[in-house]
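Asks: sequence first, predicted coordinates after that:
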2 protein chains.
Amino acid sequence: MELTWTSDPAPLLTVRPGFSLAEVDTSSTPGISASKKTGAAILEENRAELDDLQERLWAESRFEGKRSVLLVLQAMDTAGKGGIVKHVIGGISPQGVQDYGFKKPTPEELSHDFLWRVRKRLPTPGMIGVFDRSHYEDVLVARVHSLVEPAVIEQRYELIREFEREVAASGTTIVKVMLHISQHEQKQRLLERLEREDKHWKFNPGDIDERDLWPQYMDAYQRALEETSTETAPWFVVPADRKWYARIAVQRILLDATRALRPQWPLADFDVDAEKARLLAS
Amino acid sequence: MELTWTSDPAPLLTVRPGFSLAEVDTSSTPGISASKKTGAAILEENRAELDDLQERLWAESRFEGKRSVLLVLQAMDTAGKGGIVKHVIGGISPQGVQDYGFKKPTPEELSHDFLWRVRKRLPTPGMIGVFDRSHYEDVLVARVHSLVEPAVIEQRYELIREFEREVAASGTTIVKVMLHISQHEQKQRLLERLEREDKHWKFNPGDIDERDLWPQYMDAYQRALEETSTETAPWFVVPADRKWYARIAVQRILLDATRALRPQWPLADFDVDAEKARLLAS
């Protein structure tokens, strides 16, 4: 089924020096020419492998491995973070997932360094963690709304690079994804929320005010992406106007990152035949 | 598809006065005559509804609802708790699930009341929580291994009833399930772990020592079930020699409990037409 990818999407989507967010076509499907239906089939076909890889990571962590994977999801509102969690991460057994949605910081959180609340939510060994929003809000919304001085934002890029280097060194593979939709696509999706009674609860009038700040957000993303896409913790910008594409692209990136760890089933630390004999006699 | 149930399994599996664990046939399939294949189809068919119900609960909790659901899973080793989490709970978006596995208590946990660590893991509003093992270990393993005085165990039944009454009153629907396998079935499953290299990590020589305490464990379960199956927090004993049955039975019990809450999509607290106009102008 992977043959339907004409090329590995990861390198096509990686943020490298010279990257320009403005030049990304949000409706494109780099690496594949397919339909919504094929996309759904690919998604389904690869669920089991991601689940298997996570279980191996977990098994390993019971003995000596201390590795984990962290998927950081950032996006403008309605871009589909929830769909990624449901359709991609949903293929992994709930026992292996640590999903956390970062909201507006509480007064307690604000009284600490901006990375304080993030450290507490890092995945534990053997797990696949998901950050639905993250410490990047502290250089995105914080920049757009001038919540802190510009110099503080500048300093945070460096602090984030150091933080992620440290997290990676401790055994966590970091995969950072920006789901990228167009401002027009967002309008359609907000309109759908207004037209469907089962979606009203997701709508907040403030969402429209934020839309007016689109260019400022794109500037903030551009800066954050170029400042913090590193070898150890690269950013992937995934065109997300087509939900099916965003899902299989994130699945593939996450699969590649987890496969690269080559997690192995631990060897028995007991005498298998002796235990069989004891069991049969029990 | 629900027509394949000849009768609702919940009442058939509920622990009521006079219940006898010893009389339960672990290979039976109360409420349905079906095959493994039909079981898998039923499981698949009902995934979406459970996910939808959880999303409604969550939506409600963003406004005024403070309700949640807690599935407590208890069982002898190999009975299939992990399979329930993967196949039944796995149908719900990871954003809506709080799964927690209770291990042997840490020194810090032991320095507190036995319910201390349990309170910290109760599901938050809008969520479906799963306890993989629970405070019941404190009247099961604690009783079998005489970790505390018998009088302490006796007192704990009452403390558990009070605790669960309090949790239910605060808006959490409690569903308690014992997956019930035979000692013979456990032998087969442990044997499989010994025969498959990808399962060795799950095996612990101590598992065989625990098998020798089977009758003591069954006594401890019998007492715990009869002491703590209440109107607000009933126990269901699910025959689990057939994995397909255990999964659809737990799914059905959980579905019924969540349906009974009738969670509704919240009404818009804004002027829908006015917001549409603002959006279209944005």
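Replies: Sure, I can see it. Treat the numbers as computed from the prediction; the structure is a model and nothing was measured.
Asks: give me the distance between the closest residue to A:Val144 other than its chain neighbours and chain B.
Replies: With sequence-adjacent residues excluded and distances taken as Cβ to Cβ, 6 or more residues apart in numbering or on different chains, A:Val144 is closest to A:Gln216, at 4.7 Å. Heads up, the C-betas are built off the backbone N, CA and C, glycines and all. Relative to chain B, A:Gln216 is positioned 14 Å away (Cβ to the nearest Cβ, to the nearest Å).
Asks: give the helix, strand or coil label for A:Gln216.
Replies: Under the three-state scheme (DSSP: H, G, I helix; E, B strand; the rest coil), the conformation of A:Gln216 reads as helix.
Asks: could I get the pLDDT score of it?
Replies: What the model reports as pLDDT for A:Gln216 is 98.
Asks: hmm, it is touching A:Ala142, no?
Replies: No: with contacts counted by Cβ atoms under 8 Å, A:Gln216 stays clear of A:Ala142, the gap being 11.9 Å.
Asks: more neighbours: these two, which one.
Replies: The residue with more neighbours, out of A:Gln216 and A:Ala142 and counting by other Cβ atoms under 10 Å in any protein chain shown, is A:Ala142; that gives 18 against 14.
Asks: do the biggest helix by length in chain A and chain B meet at all?
Replies: Of all the elements of type helix in chain A, the one with the most residues (DSSP state H) is helix A:36-61. Yes: for helix A:36-61 and chain B, the contact criterion (Cβ under 8 Å from any Cβ of the partner chain) is met by A:Asp51, A:Ala59.
Asks: show me what that helix is packed up against.
Replies: strand A:68-75, helix A:243-259 (3 or more Cβ pairs under 8 Å, 6 or more residues apart in numbering or on different chains; DSSP states H and E).
Asks: of all these, which one is nearest B:Pro123?
Replies: strand A:68-75 (22.8 Å; Cβ to Cβ).
Asks: ok, the nearest residue to A:Thr172 once chain neighbours are set aside - how many residues close by?
Replies: Nearest residue to A:Thr172, sequence neighbours excluded (Cβ to Cβ, 6+ apart): A:Ser68, at 4.9 Å. A:Ser68 is surrounded by 26 other residues when neighbours are defined as other Cβ under 10 Å.
Asks: chain B versus A:Ser68, what's the distance?
Replies: Using Cβ to the nearest Cβ, A:Ser68 is found at 15 Å from chain B.
Asks: shouldn't that residue be in contact with A:Ile174?
Replies: No: under the criterion of Cβ under 8 Å, A:Ser68 lies out of contact with A:Ile174, with a separation of 9.8 Å.
Asks: returning to what we had before: could you check the longest helix of chain A and say which residues are buried?
Replies: A:39, A:41-43, A:46-47, A:50-51, A:53-61 (16 or more other Cβ atoms under 10 Å in any protein chain shown).
Asks: returning to what we had before: which stretch among the helices and strands packed on helix A:36-61 is buried most, on average?
Replies: strand A:68-75 (a mean of 24; mean count of other Cβ atoms under 10 Å in any protein chain shown).
Asks: next secondary structure after it?
Replies: Proceeding C-terminally, strand A:68-75 gives way to helix A:81-87 as the next helix or strand, assigned by DSSP states H and E.
Asks: what helices or strands is that next one leaning on?
Replies: Contacting helix A:81-87 under the criterion 3+ Cβ pairs under 8 Å, 6+ apart are the following elements: strand A:68-75, strand A:128-132, strand A:172-180, helix A:243-259.
Asks: do that again at 6 Å, thanks
Replies: For helix A:81-87, the elements it packs on are helix A:243-259, judged by 3 or more Cβ pairs under 6 Å, 6 or more residues apart in numbering or on different chains; DSSP states H and E.
Asks: and the helix it packs on, does that touch chain B?
Replies: No: with Cβ under 6 Å from any Cβ of the partner chain as the measure, helix A:243-259 is seen stopping short of chain B, the closest distance being 13.1 Å.
Asks: repeat that for stretch A:198-213.
Replies: Yes: judged by Cβ under 6 Å from any Cβ, stretch A:198-213 comes into contact with chain B through A:Asp198, A:His200, A:Trp201, A:Pro205, A:Ile208, A:Arg211.
Asks: so who does the second one touch?
Replies: For A:His200, the residues meeting the contact criterion (Cβ atoms under 6 Å, 6 or more residues apart in numbering or on different chains) are B:Ala268.
Asks: is it in a helix, a strand, or coil?
Replies: When the structure is split into helix, strand and coil by three-state DSSP, A:His200 lands in helix.
Asks: coming back round to it: reformat the residues of stretch A:198-213 next to chain B as CSV; add pLDDT.
Replies: Written out in CSV, the entries for the residues of stretch A:198-213 next to chain B read as follows (pLDDT from 0 to 100):
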residue, pLDDT
A:Asp198, 95
A:His200, 96
A:Trp201, 95
A:Pro205, 95
A:Ile208, 95
A:Arg211, 95
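Asks: if any of those are buried, put those into a ChimeraX selection.
Replies: Restricted to the buried members of the residues of stretch A:198-213 next to chain B, where burial is judged by 16+ other Cβ under 10 Å, the ChimeraX selection command reads as follows:
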select /A:200,201,208,211
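Asks: could I get the residues of stretch A:198-213 next to chain B in a markdown table, plus columns for distance to A:Asp273?
Replies: Written out in a markdown table, the entries for the residues of stretch A:198-213 next to chain B read as follows (distance: Cβ to Cβ, whole Å):
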| residue | distance to A:Asp273 |
| --- | --- |
| A:Asp198 | 58 |
| A:His200 | 63 |
| A:Trp201 | 59 |
| A:Pro205 | 69 |
| A:Ile208 | 69 |
| A:Arg211 | 67 |
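Asks: just flag the most distant two among the residues of stretch A:198-213 next to chain B.
Replies: Distance extremes for the residues of stretch A:198-213 next to chain B: the farthest pair is A:Asp198 and A:Arg211 at 22.3 Å, using Cβ to Cβ.
Asks: pull up the residues of the stretch 151-282 of chain A that are close to chain B.
Replies: A:190, A:194, A:198, A:200-201, A:205, A:208, A:211, A:265-266, A:268, A:270, A:272, A:275-276, A:278-279, A:282.
Asks: from these, which land in strands?
Replies: Cross-referencing these against strands under DSSP state E gives no overlap.
Asks: and A:Ile160, which helix or strand is it part of?
Replies: When secondary structure is defined by DSSP H and E, A:Ile160 falls within helix A:150-169.
Asks: and what of A:Ala142?
Replies: A:Ala142 is part of helix A:141-144, with elements assigned from DSSP H and E.
Asks: so what does that helix touch, helix or strand wise?
Replies: helix A:214-228.
Asks: between the helix it packs on and strand A:68-75, how many degrees?
Replies: On the basis of axes from the mean of the first three to the mean of the last three Cα atoms, to 10 degrees, helix A:214-228 is oriented at 150 degrees to strand A:68-75.
Asks: now helix A:214-228 against helix A:150-169, angle please.
Replies: Angular relation of helix A:214-228 and helix A:150-169 on a 0 to 180 degree scale: 50 degrees, by the same axes, to 10 degrees.
Asks: contacts for the very next helix or strand once past helix A:214-228, please.
Replies: Tracing the chain C-terminally past helix A:214-228 and defining elements by DSSP H and E, one meets strand A:235-239 next. By Cβ under 6 Å, 6+ apart, the surrounding residues in contact with strand A:235-239 are A:13-15, A:24, A:26, A:28, A:176-180, A:225, A:229, A:246, A:249, A:253.
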